[in-house]
Structures are given as structure tokens and as C-alpha cells.
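K.L.:
My questions concern the predicted model and sequence given below.
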Protein chains: 2
Amino acid sequence: MRKIYNCDPGCPVQSTLQFISGKWKTVIMYHLFKNSKLRFSELQRKLPYVNKRMLSKQLLELEKDNIIHKEIYPVVPVKTEYTLTNFGKSFEPIVNAMEIWGENFNQNSKRDH
Amino acid sequence: MRKIYNCDPGCPVQSTLQFISGKWKTVIMYHLFKNSKLRFSELQRKLPYVNKRMLSKQLLELEKDNIIHKEIYPVVPVKTEYTLTNFGKSFEPIVNAMEIWGENFNQNSKRDH
DNA sequence: TCACTTAGGGACTAATTATTCACCTACTTT
DNA sequence: AAAGTAGGTGAATAATTAGTCCCTAAGTGA
């Protein structure tokens, strides 16, 4: 279980971190911003370094926090689809800023090498 | 030791996370953006829920990653000052976005209650 | 009938992070 | 001489995260 820190009322960054701290959450959200709808196996392919147990756990937490929505289709074999909720979408500026920073960094690393 | 994940080359968010994941890093950076220069004890006061061992470790990592700069004044008792490097400052859009999101969230929580 | 499919869950262990607590330096104040 | 100060560090422990391996459901195709 995640511990929710009793944030210093003056610290908005802390409030934000409650939801998105964790190593994979923003990455998952990033892929959902890019694709809007992804199946479990598609997410697995996009995050090959995260094993499925972990991925599953992170998705559960994101769902519990109402950041993503899971739709289960009772077909065989079963199919699931994950989408961002409106609440989840409110994190877009943050994920965007992270994306931009990372792209820049990757560019510079390539050049400097 | 932090593990640096061999990022999927296509995942800029991962690149970003290498530097700022961790529970307190962005909070520390946030305070340094607000104040530009802070002593160890001032940071302690701003993050009362983080003990100083942890604070010290996070500061060390941030310094190692060249995100902050530490200036030691050899007076008695010793005095230190932390500032953001230029590299550290490049994270401003991210920390800003987190600040804005958190402020909004705090506002809404207040209203909804 | 056997194997294969997708999307996980359960039990367990390993690795990493966070936290506590006591201790240090080198001088100043009481 | 004892206590206080700022800014830490080391050892030990607690808590959290990550990873492995095996299991299930309910068809489909060979």
C-alpha cells in the first residue's frame, strides 16, 4: 500500500507526487496520451523492461486513483483496454513537459557522443 | 545506488525520470526554484516530514547528477548553501507544471470539502 | 485431446529505498 | 567544563518495489 504523506499544505508539488510518483506511472500515462487506448499486451510491448506483474500492479493503482479506466471485453481470449480518465488527462501538462525535456536530453546525448 | 534503466530509446519520459524520480527530488527543486539559494537547515524546515538523513542523501544524488550545486563556507559552525545549476534549471517547466497541478488540486480539495 | 491465446492473480524471494538513532567536528557561549 | 550549533555520516532496520514461477478462464485450431 502506498503511504500518503500528510503534505505540507504549502507544497503543491507534494500533492502532485502522491499520484504520479513511482517509476512507471508517468511512462504509462505518456503512452496513453500518445495512443489514447491501449491493451495490456500493447503496454507490455511498449514497456519491455517492466515485467507484467509490475505493470499490472501499476495499472491497478492508476485505476484506483481514477487516473485510468479499464474496459474489459468478455471475449475469448479476454481483451482489455486502458484509457485515461478526465482526471488522468489533467496531468497532460506535466507529462508533456517531461516528454519535451527527455527529447531534448536524448538529442543532446546523441550529439555529445 | 540508483539503477539506471536502459531506456527504450523512444521513451523520453524515461530519460527524464532517471533524474527526478524519487520522492523528494522535485520537492527540493521546487523550493530551490522559489528561493534560489537555501541552507541545509532551511531545507529541513521546508520539508519537515523528511528526515535529514534522507534529505542529505537526496541532496547528494542531486549534486552528483549536477542538478544542484553545494557551496560550503568554512565558518563555525559550518554553513552550506544549495543552488540549482543551469542543468537543474532546465527542469523548471516540469516542476512548474507540477506546482500548478498541485495548486489546482489543493484548491479543489478545499472547495469540495 | 493437446496446445495456444490474453490478461491477469497468488505466493514467494530479492533488491532497493527510506527511516531511525547515535555519533562527529570544531568552535562559541554559559 | 559542559552544552550548544550546523551539517552532516555510518550502521542497522523497516518498508516498499521488483521479479520469478506457476495457475486460471474459455474458447480456437490442429
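P.N.:
Received the coordinates, thanks.
K.L.:
When you work out contacts or count neighbours from here on, use the C-alpha atoms and nothing else.
P.N.:
Fine.
K.L.:
Please tell me how far the nearest residue in space to residue A:19 that is not next to it in sequence sits from chain B.
P.N.:
In space, and not counting its chain neighbours, residue A:19 is closest to residue A:65: 7.3 Å by C-alpha to C-alpha, 6 or more residues apart in numbering or on different chains. Residue A:65 sits 14 Å away from chain B, going by C-alpha to the nearest C-alpha, to the nearest Å.
K.L.:
so where is chain A shaky, pLDDT-wise?
P.N.:
For chain A, the stretches with pLDDT under 70 are A:1-10.
K.L.:
Please, where are all the helices along it?
P.N.:
A:12-20, A:25-35, A:40-46, A:52-64, A:86-89, A:92-112 (DSSP state H).
K.L.:
Enumerate the residues of chain A near DNA strand D.
P.N.:
Taking C-alpha under 7 Å from any atom of the strand, the part of chain A that reaches DNA strand D is made up of A:1-3, A:22-24, A:49-54, A:76-78.
K.L.:
out of those residues, who has the most neighbours?
P.N.:
With neighbours defined as other C-alpha atoms under 10 Å in any protein chain shown, the most crowded of these is residue A:24; it has 20 neighbours.
K.L.:
backbone phi and psi for it, please?
P.N.:
When read as degrees, to the nearest 10, the backbone of residue A:24 gives phi -110, psi -10.
K.L.:
Do I have it right that it meets residue A:58?
P.N.:
Yes: using C-alpha atoms under 8 Å, residue A:24 makes contact with residue A:58 at a distance of 7.3 Å.
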